[in-house]
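Enquirer: predicted model and sequence follow; I will ask about them next.
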Amino acid sequence: LRNSFAPKAGKQNLRHQYYLQPQASSSKVAILGAAGGIGQPLALLIKMSPLVSALHLYDIANVKGVAADLSHCNTPAQVLDFTGTSELANSLKGVDVVVIPAGVPRKPGMTRDDLFNINANIVKTLVEAVADNCPDAFIHIISNPVNSTVPIAVEVLRRKGVYDPKKVFGVTTLDVVRANTFVAQKKNLRLIDVDVPVVGGHAGITILPLLSRTKPSVSFTDEEVEELTVRIQNAGTEVVEAKAGAGSATLSMAYAAARFVESSLRALDGDTDVYECAYVQSELTELPFFASRVKIGKKGIEAVISSDLQGLTEYEEKALEALKPELKASIEKGVAFAQKQT
Ligand code: NAI
């Protein structure tokens, strides 16, 4: 694939990794909630991937213009728009990866759990449609509270008889992206080298960055560990407060979700070296869902990486035990919601 508008001189300018890789574009991706704060920049980033042949944009409103706009970018993905529930099924037919950022975001003073009542129903309805129309697709759930919406999605898929635990992912990549950024800044490391696994869940104290597992190996004082951990856990709130009522993280979230989508597409394309953190069904702890690093392959999760949880520091051990009751309650809330539906 050659990018026809790349400048002749200065090959660095537009030689972004997405544009010029000579790979076949073959996967179809759907974004449900594509006209939203996350949906729009995420659609743009996915449109840039050479691994995408078709990008289906679904929302209850305002998606036509987004699709028209994006469709003018000269990258291979064909952009199609789908508006409203009557077009939901068609938006999902033949799709390999479904990304769900549909729902309401937080305003200052809200927790992610405050979004439960609205977003639980949205996720349930959308995942029912996924089960009916593309049951083999990878499902990436962004809608909060992720700690509960993933168990809801799983119950819906189970009831429909199409649940594959290898293919349902709660997207926690933003926690990793934030941890990498904050650690690199604090320790003066090259950003591109830093990788911090983040485990647990995706809300408050359930977000547990394993700083002792940072690559490259780096040592932290107790104060640094406390400060970085709390900042990573509250980074979403930092953005919610800065936006002062205009929503939560959208651009960094779109960046993080695009990374997770690209990793999934690489796995589907046959890359055998794909690792990401995600909130998934898990046997790593006594909880049925837990975020950790997973190895992703053509058929979804090939392995849940357990080694990150071995030999934790005392601080991390304590934090792990402390997060379990909250995460357990969020999981149970999601399961109970899904089970009381007819
Ligand atoms: P937004 O309000 O800007 O966009 C949401 C979009 O969903 C809107 O376009 C809306 O029309 C659409 N929508 C609502 N009901 C729908 C339905 N039934 N079917 C399809 N689309 C529907 O919100 P934003 O900022 O894009 O956030 C979306 C979600 O992502 C929120 O729940 C937010 O809490 C969550 N989020 C998750 C993060 C994570 O790390 N997993 C990080 C940041 C936000």
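Expert: Now that the structure is in, tell me what you want to look at.

Enquirer: quick one: pLDDT of Gly297?
Expert: You'll see Gly297 listed with a pLDDT of 98.

Enquirer: and it, how far from the ligand?
Expert: 23 Å (Cβ to the nearest ligand atom, to the nearest Å). C-beta coordinates here come from the backbone N, C-alpha and C atoms, glycine included.

Enquirer: what are the phi and psi values for that residue?
Expert: Main-chain dihedrals, Gly297, degrees, to the nearest 10: phi -130, psi -170.

Enquirer: going forward, begin numbering at 26 instead of 1
Expert: Will do, 26 is the new start, and the previous item becomes Gly322.

Enquirer: who touches it in this structure?
Expert: Gly322 sits next to Ala292, Thr297, Val299 when contact means Cβ atoms under 8 Å, 6 or more residues apart in numbering.

Enquirer: check Lys191 too.
Expert: By Cβ under 8 Å, 6+ apart, the contact set of Lys191 is Lys324, Gly325, Ile326, Glu327.

Enquirer: for it, what are phi and psi?
Expert: Lys191 adopts backbone torsions of phi -80, psi -10, taken as degrees, to the nearest 10.

Enquirer: kindly report the same for the one 10 residues further on.
Expert: As for Val201, its main-chain torsions (degrees, to the nearest 10) stand at phi -70, psi -40.

Enquirer: thought it was touching Ala303?
Expert: No. Here Val201 does not reach Ala303: they are 9.6 Å apart, not a contact under Cβ atoms under 8 Å.

Enquirer: compare these two (neighbour count), which wins?
Expert: Remark: of Val201 and Ala303, Ala303 carries more neighbours, 28 against 23, as counted by other Cβ atoms under 10 Å.

Enquirer: can you classify that one as helix, strand or coil?
Expert: Using DSSP: H, G, I helix; E, B strand; the rest coil, the structure places Ala303 in strand.

Enquirer: surely it is in contact with Val286?
Expert: No. Here Ala303 lies out of contact with Val286, judged by Cβ under 8 Å, at a distance of 11.9 Å.

Enquirer: quick one: contacts of the helix or strand that contains Asn146?
Expert: For Asn146, the host element (DSSP states H and E) is helix 141-158. For helix 141-158, contacts defined as Cβ under 8 Å, 6+ apart pick out 57, 110, 113-114, 117-118, 120, 123, 125, 127-129, 162, 164, 166, 168-170, 173-174, 177-178, 181-182, 185, 187, 358-359, 362-363, 366.

Enquirer: same thing but 7 Å
Expert: For helix 141-158, contacts defined as Cβ atoms under 7 Å, 6 or more residues apart in numbering pick out 57, 113-114, 117-118, 123, 125, 127-129, 162, 164, 166, 168-170, 173-174, 177-178, 181-182, 185, 187, 358, 362-363, 366.

Enquirer: could you do stretch 236-255 as well?
Expert: 207-208, 211-212, 214, 218-222, 234, 333, 337-338, 340-341.

Enquirer: with stretch 328-347 instead?
Expert: The contact list for stretch 328-347 (Cβ under 7 Å, 6+ apart) reads 222, 224, 230, 233, 235, 237-238, 250, 305, 307, 309, 317-320.

Enquirer: tell me how many other residues crowd Gly109.
Expert: Counted with other Cβ under 10 Å, residues neighbouring Gly109 total 11.

Enquirer: so which of the contacts of Gly322 are in strands?
Expert: The strands, defined by DSSP state E, take in Val299 from the contacts of Gly322.

Enquirer: TSV for the contacts of Gly322, including neighbour count and pLDDT?
Expert: Listed next are those as TSV, based on neighbours: other Cβ atoms under 10 Å; pLDDT from 0 to 100:
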residue	neighbour count	pLDDT
Ala292	23	97
Thr297	11	96
Val299	19	98
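
Enquirer: now the contacts of Gly322 as a markdown table including distance to Val265?
Expert: Below are the contacts of Gly322 laid out as a markdown table (distance: Cβ to Cβ, whole Å):
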| residue | distance to Val265 |
| --- | --- |
| Ala292 | 32 |
| Thr297 | 39 |
| Val299 | 31 |
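
Enquirer: residue in this protein nearest to the ligand?
Expert: In the chain, the residue found nearest to the ligand is Gly61; the distance is 2.1 Å by Cβ to the nearest ligand atom.
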